[in-house]
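In: Below are the sequence and a predicted model for it; my questions follow.
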Amino acid sequence: MKDSVAELVRKLQQLGKTVLIIEHDIHFIQRFCDRIVVLDSGRVVLDDSPEKVRENKMLQEIYFGVSESAYPSTAAS
């Protein structure tokens, strides 16, 4: 199912469309997003590229409870 959604989003992006996705699976959305906005209790805590979101130490601790070295890179995905 997620692969179908990712394919549809990529097609829409190729058509120049902007797509808003609300998703909690950060590994999934990093596969195709240009920008990620992270909310905590309705407040924006981070708004940046997937790479910067992945590298953000505060986000790693709050949401993943891990350090950067333990967080898998999705660059090859």
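Out: Received it, and whenever you're ready, just let me know what you need. Residues are numbered from 1 along each chain as shown.

In: From the centre of this protein, point out the most distant residue.
Out: When distances to the mean C-alpha position of the chain are computed (CA atoms, centre = their mean), the maximum falls on residue 15, with 20.8 Å.

In: Relative to residue 43, how far out is it?
Out: 32 Å (CB to CB, to the nearest Å). Any C-beta I mention is one placed from the backbone N, CA and C, and that applies to glycine too.

In: pLDDT below threshold where in the protein?
Out: In the predicted model, the chain carries pLDDT under 70 at residues 64, 66-77.

In: Where do the helices of it begin and end?
Out: In the chain, helices defined by DSSP state H lie at 2-14, 26-29, 50-55, 57-59, listed in chain order.

In: Chain neighbours aside, what residue packs nearest to residue 56?
Out: Taking CB to CB, 6 or more residues apart in numbering as the measure, residue 56 lies nearest to residue 46, with 5.9 Å between them; neighbours along the chain are not counted.

In: again with residue 44
Out: In space, residue 44 comes closest to residue 37 once its chain neighbours are excluded; the distance is 6.0 Å by CB to CB, 6+ apart.

In: since we're on the one you found, how many residues are nearby?
Out: Under the neighbour criterion other CB atoms under 10 Å, residue 37 is assigned a count of 13.

In: One more: residue 16?
Out: 6.

In: how about it, phi and psi?
Out: Backbone dihedrals for residue 16, given as degrees, to the nearest 10, come out at phi 80, psi 20.

In: Make residue 1 into 4 and carry on from there
Out: With the count now opening at 4, the last piece we talked about shows up as residue 19.

In: From residue 36, how far off is it?
Out: Computed with CB to CB, the distance linking residue 19 and residue 36 is 16 Å.

In: try residue 29
Out: When CB to CB is applied, the distance between residue 29 and residue 36 equals 9 Å.

In: Quick check: end-to-end length of stretch 42-60?
Out: Chord length of stretch 42-60, first to last residue, is 16 Å (CA to CA, to the nearest Å).

In: Next: stretch 26-38.
Out: The straight-line separation of the ends of stretch 26-38 (CA to CA) is 13 Å.
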